[in-house]
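Colleague: Sequence first, then the predicted structure:
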Amino acid sequence: MKKWIGLVLLGAVLGTGSALLAVRHVGGLGEVRNGPWATPLDGGGVGRGMYQRAAVAVAATLALSRQEAIYFRAAVDSQGAALTGNCAYTVHGPDLPARWWSVTLYGSDHYLIANPQRRYSYASANIARAPDGSFSIAVGPETRPGNWLNTVKTPDIVLLIRLYQPASDAAANPASIKLPAIDRGACA
């Protein structure tokens, strides 16, 4: 009897462990990389399997299909180094091919980072732009002029771009989109 109980417990532990591993790492399967940014091929689409649905439920609640929205996530800068709230970054690039877009700063736990400014993102509707239409966002713990997101020295940070109603060629080939660079500056 003890042998059966041990086998059942072992099966439960292995099953739960493999499910958690699959859910946490399913985002790396079927991903499109574009510089430091990555997006699932169809995080919110109807053809998702059970593990991808579980991963979206954990990390991207209410994700839409690629024709409605594209979500790009960056946890590294343009040189491949992990993003950290102790460093200053400049996120800069051209206007993005969507009806509406945003760049949002998160902690690695997928939650917004509380800050005194209560500023968590910039969007196509409220970002200051250069005369050519490009934009630049300062990200870091020290106050900077213009578009600035305060990391409050959070150890691990993540940037997320949302493209709502993306251009049809962008939805068809997310790897072809000219996305912003993430350049690291000084670190504390």
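Modeller: It's in.

Colleague: so what's the residue nearest the centre of the chain bridging to?
Modeller: Nearest to the mean C-alpha position of the chain, by Cα atoms, centre = their mean, lies R73 at 2.3 Å. Legend: beta-bridge partners of R73 under DSSP bridges are A38, L160.

Colleague: Tell me who's in contact with it.
Modeller: Contact partners of R73, counting by Cβ atoms under 8 Å, 6 or more residues apart in numbering, are W37, A38, T39, V158, L159, L160, I161. (Each C-beta comes from the backbone N, C-alpha and C, glycine too.)

Colleague: Can you give me the neighbour number for the second one?
Modeller: Applying the criterion other Cβ atoms under 10 Å, we find 18 residues in the vicinity of A38.

Colleague: which stretches of this protein have low pLDDT?
Modeller: In the predicted model, the chain carries pLDDT under 70 at residues 7-8, 10-30, 41-67.

Colleague: what are the ranges of the helices in it?
Modeller: For the chain, the helices defined by DSSP state H cover 2-25, 50-59, 168-172.

Colleague: Roughly how far does the residue nearest to V76 when sequence neighbours are not counted sit from R73?
Modeller: Among residues not flanking V76 along the chain, P36 sits closest, at 4.9 Å (Cβ to Cβ, 6 or more residues apart in numbering). Taking Cβ to Cβ, to the nearest Å as the measure, P36 falls 9 Å from R73.
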